[in-house]
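Student: I'll drop the sequence and a predicted model, then ask my questions.
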Amino acid sequence: MAAKTLRELFVEEVRDMYDGEKQLTRALPKMAKAAGADELQVAFKNHLAETEKQVTRLEQVFRTLGETARGKSCEGIRGIVEEGKRAMEELDGAVLDAALIAGAQKVEHYEIASYGTLAYFAELLGEDKAKELLGQTLEEEKAANDKLTQIAKSRVNREALLNPPDEQSSPSSRRARGRSGRSSKKK
Ligand SMILES: [Fe+2]
Ligand SMILES: [Fe+2]
C-alpha cells in the first residue's frame, strides 16, 4: 500500500469501497434473481437501489475531499461475491436462499466495518461533510444487515432445515427456476 499518511490511507480505503459498491451493483441483481423467497428478492432489490445511491454518495465524498472518483480493486468483496456465485451454481431452493443470506451478511459486515472506520477517519481528519455522508451509508448497511437477519430467522433458514431438497413437495417455480436457470447462471 502506497499510503503514507492517514489522509492517504483514508482516500485509498474510500477507493476500495467505491470499487466494492460497484461490484455489488452487478452482484445484487443476480442474487435477487436467484432468491426463491419473495421477501429475500425484495430485500436484494431494495438494497440494490440503496447501493446505487451509495456509489453516488462516494462520488460526493471524493468531491468534498478534492480527489478524483476512482476505484481500487476491492479484493475482500470480490472474494465474497465469488463464493456467492459458486453457491448459485451448486445450490437450490431454500438452501440456496440460506447461502445467499449468509453471503450477503458477510458483505454487510465488511461494509459496516469499512464505513465505521472511514467515518472515524473522516472525523479525525476534520472532514465533516465526508463524515456525514459516510455515516449515512453506515446506517443503511446496518439496516440492511438487520433486515437479512430478520428474514433468516423468520422463515428462510427454518425452511432449509425442515425441507431438504428431495422432500420439497410441489414442483415449485423456485426449483424449476433453479434447474432451468442453471446453465444461464454459469457465466
Ligand atoms: Fe453498500
Ligand atoms: Fe450493503
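Tutor: Everything's here; your move. All values reported here derive from a predicted model rather than from experimental measurement. Ligands and ions are numbered 1, 2, ... in the order given.
Student: please count neighbours and contacts with C-alpha atoms only from this point.
Tutor: Noted.
Student: which other helices and strands contact the top helix by length along the chain?
Tutor: Counting by DSSP state H, the longest helix found in the chain is helix 93-124. In terms of contacts (3 or more Cα pairs under 8 Å, 6 or more residues apart in numbering; DSSP states H and E), helix 93-124 is packed against helix 6-34, helix 75-90, helix 128-151, helix 157-162, helix 173-185.
Student: 6 Å instead?
Tutor: Helices and strands touching helix 93-124, by 3 or more Cα pairs under 6 Å, 6 or more residues apart in numbering; DSSP states H and E, are helix 128-151, helix 157-162.
Student: what's the closest of these to residue 97?
Tutor: With Cα to Cα as the criterion, residue 97 lies closest to helix 157-162 of the helices and strands packed on helix 93-124, at 7.9 Å.
Student: quick check, distance from the closest one to the centre of its chain.
Tutor: 23 Å (Cα atoms, centre = their mean, to the nearest Å).
Student: low-confidence ranges, this structure, go.
Tutor: 1, 164-187 (pLDDT under 70).
Student: flag every residue of it that's near ligand 2.
Tutor: 108, 141 (Cα under 5 Å from the ion).
Student: and if we set it to 8 Å?
Tutor: Selection of the chain residues close to ligand 2 by Cα under 8 Å from the ion yields 21, 24, 47, 50-51, 104, 107-108, 111, 140-141, 144-145.
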